[in-house]
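Engineer: Quick one, structure for this:
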Amino acid sequence: MEYGAIDRHLRYSLIRLVDGTGEVVQQRRVPTTREALVSVFGGRAPMRVLVESGTESEWVAQTVEGCGHTVVVADPNYGLMYGHRPRGVKTDARDVAALSEACRLGVYRRAHRVSAAQRQRRRERRVREQLVRIRTQLINLRRAQLRQEGYRLPAGSAEAAVPRVARVVLPAPLQAALRPLVATREALAPLLATATTALETAARADTVVQRLMTAPGVGPITALTYRAVLDDVGRFADARGVSAFLGLVPREASSGTRHRKGAITKAGPGTLRVLLIQAGWVIWRGRGGSAALHAWVHRLAERRGKRIAIVALARRLGRILYAMWRDATNYRVAAVRPAD
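Structural biologist: Prediction:
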């Protein structure tokens, strides 16, 4: 049996094929395109091919699988996979040699491959997220320009920003300068509304998302994001694994009798972490529908401070959502312990 490895790059990739003894059968540098991959792997006997997880790993894996091979998408953070590569020397040739040897020996850790449905949901969510970011930038720029001339943009929601500006009496030159911002904002509004409606429709059609939305402070965007990011609840052994994956656990440097913990790691998906923290603020303000969690976070804030308490609440909320999904149950107030 042969074994393959792909050291993938944006324009060109290095491919190495070895036999069962590790002897090189073929090594080629090809363009990173579907056609080039098919030209290498098409028509060959079934083999195992290893590719590092990354932005383009899924379409590469699907292309090679379409040629009849088994593809392993490997976690690049697994250091043992590069044991054959000398330290301090990094080249594409050495990388692909280490990957092919890891593929042959089975020294790798599989990365999770997100389902097609949740990849599409992630894509839709990221488009909406970018539209929201653009809207925020437009509002901030407009507010800053008004402040430079001694005017203030009245407080209110982002959706009503254009009418708020219209109520401010501005000199003609300033109005003319800000007109492109207003026009862009007006053109952006229907696009953002369409993107939001599409996600809300998807949330109503997903039973898991509907269940997650019964948790306090969790709306359709947060629930959809949680569902899309985790993809498969079964790949986590427990709620602690989810907290670590979301980057909501403290950094730690402990050895012997020394135990030192710091700020959260902030590893993993930042967007979901932010959404859970925002949900924590909703509960903090008493609008989250859970008196138990509201009381818990305020008691913790008295001891540790508000910001630490909110992060702890986000961590706890992430664990609650995991348990609800795993057990196929809606949120139950009785399940919340009075103290952490």
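
Engineer: Which residue comes closest to residue 72 once chain neighbours are left out?
Structural biologist: In space, and not counting its chain neighbours, residue 72 is closest to residue 50: 4.8 Å by C-beta to C-beta, 6 or more residues apart in numbering. C-beta: built from backbone N, CA, C; applies to glycine.

Engineer: helices or strands next to the strand or helix carrying the one you found in the packing?
Structural biologist: Assigned by DSSP states H and E, residue 50 belongs to strand 48-52. Judged by 3 or more C-beta pairs under 8 Å, 6 or more residues apart in numbering; DSSP states H and E, the packing partners of strand 48-52 are strand 3-7, helix 57-65, strand 70-74, helix 92-105.

Engineer: who's the residue nearest to residue 72 bridged to?
Structural biologist: residue 5, residue 72 (DSSP bridges).

Engineer: Give me the neighbour count for residue 43.
Structural biologist: Neighbour count of residue 43, defined by other C-beta atoms under 10 Å: 9.

Engineer: Please read off the pLDDT at it from the model.
Structural biologist: pLDDT recorded at residue 43 is 94.

Engineer: quick one: the most centrally placed residue in the chain and residue 228, what's the gap?
Structural biologist: Taking C-alpha atoms, centre = their mean, the centroid of the chain lies closest to residue 269, which sits 3.4 Å from it. In this view, residue 269 and residue 228 are 9 Å apart by C-beta to C-beta, to the nearest Å.

Engineer: okay, and the common contacts of the two?
Structural biologist: Counting by C-beta atoms under 8 Å, 6 or more residues apart in numbering, no residue touches both residue 269 and residue 228.

Engineer: Residue 298 is in contact with residue 310, correct?
Structural biologist: No. Counting by C-beta atoms under 8 Å, residue 310 stays clear of residue 298, with 10.7 Å between them.

Engineer: So for the two, which sits in the more crowded spot?
Structural biologist: Each of residue 310 and residue 298 has its neighbours counted (other C-beta under 10 Å); residue 310 has more, 21 against 15.
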